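S.K.: missing the sequence, but the structure's below:
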């Protein structure tokens, strides 16, 4: 009996020991497993970093030797823990934008407009039989004050600057040009465009940085563009980026005390704010393709720019003759459309219908090229030098291709009969 009790006690003790040792063994197994996982993860991480760097180097070398350089710019750099290195653009487009801004900003200038304005002072004067005093105002002389501002860009190393007419056309005003490096220069107005919202001013000096002029005849809707300007007349060289939203727009723009209709302008959603007028609209090659000129007040992100190709002729004229001049035919007209044909019972749906102005202005200017050629009121000019006149291809748009003194032919419809007339274009200066 005693033997049996002892055996039972020994059995119970052994069972208790096994139960106590089991959690210890489990913890050891778990620790070993966790160690293996950590070591495997570290090995995988360092192996991956090594592989990425090897692959990155081989890919860069391959593209540099055999591939497209534009693809090379899109290959991202491998991971680096250094945070003090210069910022690297993430895409080729971003890289192009920063490059264009850096290259062209030195040639973009702010234009400050000042005038001598009267300074008024208040004084008290007696009024009535009881000696009441009332305030009055009188001029105390004049003081030069800032009355506006805009933007321009340098187009020649000797300081010629292209801007808007509504910026440089303020009467009896003085102009100061502030360059990107903070220098100030007095500016002289060389020429105001009589037709387009363009002007050329000049500062004295040499070796100025200048922009490159592009070609605006082959623009595409959706093309990325960059605007640089003196936003709100306060924030110099402000940059905005967008796309070309439309082409061939016709708008009526006002500013600087003037209002005019502008044809064939570029529409963009790149932000154009007051003060941006006269600044460049650039493509991703860093070429100026437009001159920012207007914005739609009742909309968001709708701005307009004059095509640079329209300004090239004006630039050359100023360099050669010191002024901007346009060929002049001397007629007032209405462009005929399908609606105009139906409403007025006309026989054609295209052409320029010679009519009096809304205020009774004559249809054909006396002494003009049109009068000398024999054009009369109610004539419909169908073609200008064999070029058909339509709503999209207006008479004004066609005439701008020519120079004063050019001889041209006109196909005219008069009382149902077509006539061919010859004219020598005059000058509108």
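M.R.: Perfect, thanks for sending it. Quick caveat, the model's predicted, so the values are computed rather than measured.

S.K.: ranges for the helices of the protein?
M.R.: Ranges of helices within the chain are 2-66, 69-72, 92-104, 165-168, 308-321, 338-344, 369-373, 395-399, based on DSSP state H.

S.K.: comparing these, which gets the lowest mean pLDDT score?
M.R.: Mean pLDDT is lowest for helix 69-72 out of the helices of the chain, coming in at a mean of 47.

S.K.: Now do the contacts for residue 277.
M.R.: Contacts for residue 277 were tallied using C-beta atoms under 8 Å, 6 or more residues apart in numbering; they are 150, 151, 163, 164, 166, 167, 229, 255, 292, 293, 294. (C-beta placed from N, C-alpha, C; glycine too.)

S.K.: my read: the second one touches residue 274, true?
M.R.: No: when contacts are counted by C-beta atoms under 8 Å, residue 151 is not listed as touching residue 274 (10.5 Å).

S.K.: So those two - more neighbours on which side?
M.R.: Neighbours were counted for residue 151 and for residue 274 using other C-beta atoms under 10 Å; residue 151 has more, 29 against 16.

S.K.: Spit out the contact partners of the more buried one.
M.R.: Counting by C-beta under 8 Å, 6+ apart, residue 151 makes contact with 108-111, 163, 167, 228-230, 275-279, 292.

S.K.: ok, now which ones touch residue 237?
M.R.: Residues in contact with residue 237 (C-beta under 8 Å, 6+ apart) are 105, 108, 110, 180, 228, 229, 230.

S.K.: Are any of the residues you listed buried, and if so which?
M.R.: 108, 110, 180, 228, 229, 230 (16 or more other C-beta atoms under 10 Å).

S.K.: Taking those, tell me the two that lie furthest apart.
M.R.: Farthest-apart pair in the buried ones among the contacts of residue 237 is 180 and 229; separation 12.1 Å (C-beta to C-beta).

S.K.: Overlap of the contact sets of those two?
M.R.: With C-beta under 8 Å, 6+ apart, residue 180 and residue 229 have common neighbours 108, 237.

S.K.: ok, back up a step: now for the contacts of residue 151: which two are most distant?
M.R.: Comparing every pair within the contacts of residue 151 by C-beta to C-beta identifies 167 and 228 as the most remote, at 15.0 Å.

S.K.: domains for the protein, by residue range?
M.R.: Domain ranges of the chain: 18-75, 105-203, 212-321, 327-428, per automatic domain parsing.

S.K.: Where among those domains is average confidence lowest?
M.R.: Lowest mean pLDDT within those: domain 18-75, a mean of 56.

S.K.: just to revisit the earlier point, and of the contacts of residue 151, the nearest to residue 198?
M.R.: The closest of these to residue 198 turns out to be residue 163 (C-beta to C-beta; 7.8 Å).

S.K.: Return the set of residues that bridge with that closest one.
M.R.: Counting by DSSP bridges, residue 163 forms beta bridges with residue 199.

S.K.: And it, how close does it get to residue 202?
M.R.: Separation of residue 163 from residue 202 (C-beta to C-beta, to the nearest Å): 11 Å.

S.K.: For residue 348, see how far away residue 301 is.
M.R.: The gap separating residue 301 from residue 348 is 39 Å, by C-beta to C-beta.

S.K.: try residue 334
M.R.: Separation of residue 334 from residue 348 (C-beta to C-beta): 13 Å.

S.K.: again with residue 274
M.R.: According to C-beta to C-beta, residue 274 stands 43 Å off from residue 348.

S.K.: Residue 293 too?
M.R.: Residue 293 is 34 Å from residue 348, where distance means C-beta to C-beta.

S.K.: Of the two, which one has the most company?
M.R.: Using other C-beta under 10 Å, the more surrounded residue of residue 293 and residue 348 is residue 293, with 29 against 12.

S.K.: isn't the more buried one right up against residue 268?
M.R.: No: counting by C-beta under 8 Å, residue 293 does not reach residue 268; the two are 10.9 Å apart.

S.K.: Can you check which residues contact both of these two?
M.R.: 304, 305.

S.K.: got the contact list for the closest residue in space to residue 223 that isn't next to it in sequence?
M.R.: Distance criterion C-beta to C-beta, 6 or more residues apart in numbering; nearest residue to residue 223, sequence neighbours excluded, is residue 244 at 4.8 Å. Listed by C-beta under 8 Å, 6+ apart, the contact set of residue 244 reads 219, 220, 221, 222, 223, 225, 266, 267, 268.

S.K.: Give me the buried positions along stretch 374-390.
M.R.: When burial is assessed from 16+ other C-beta under 10 Å, stretch 374-390 yields the following buried residues: 375, 379, 380, 381, 382, 383, 384, 389, 390.

S.K.: same deal with stretch 147-164?
M.R.: Residues of stretch 147-164 classed as buried by neighbour count (16+ other C-beta under 10 Å): 148-155, 159-164.

S.K.: Could you do stretch 411-429 as well?
M.R.: 411, 412, 413, 421, 423, 425, 426, 428.

S.K.: out of the residues you listed, which one sits closest to residue 196?
M.R.: Nearest to residue 196 out of these is residue 428 (C-beta to C-beta; 11.8 Å).

S.K.: my read: the closest one touches residue 324, true?
M.R.: No: the pair residue 428 / residue 324 is not scored as a contact, 9.8 Å apart, by C-beta under 8 Å.

S.K.: Overlap of the contact sets of these two?
M.R.: Taking C-beta under 8 Å, 6+ apart as the criterion, residue 428 and residue 324 both touch residue 194.

S.K.: and which of the contacts of residue 151 is nearest residue 135?
M.R.: Closest approach to residue 135 among the contacts of residue 151 (C-beta to C-beta): residue 275, at 35.8 Å.

S.K.: So the closest one sits against residue 146, correct?
M.R.: No: in this structure, residue 275 is not within contact of residue 146 by C-beta under 8 Å, at 12.0 Å.

S.K.: More neighbours: these two, which one.
M.R.: Using other C-beta under 10 Å, the more surrounded residue of residue 275 and residue 146 is residue 275, with 23 against 12.

S.K.: Strands of the stretch 251-400 of the chain, start to end?
M.R.: Secondary structure of the stretch 251-400 of the chain (DSSP state E, counting those that start in this stretch): strands located at 258-268, 280-282, 287-295, 303-307, 326-328, 333-335, 352-354, 380-384, 387-388.

S.K.: any idea which of these is most buried?
M.R.: Neighbour counts (mean count of other C-beta atoms under 10 Å) averaged over each of those peak at strand 280-282, with a mean of 30.

S.K.: partners of it in the sheet?
M.R.: Strand 280-282 is paired, per DSSP bridges, with strand 224-231 (antiparallel), strand 287-295 (antiparallel).
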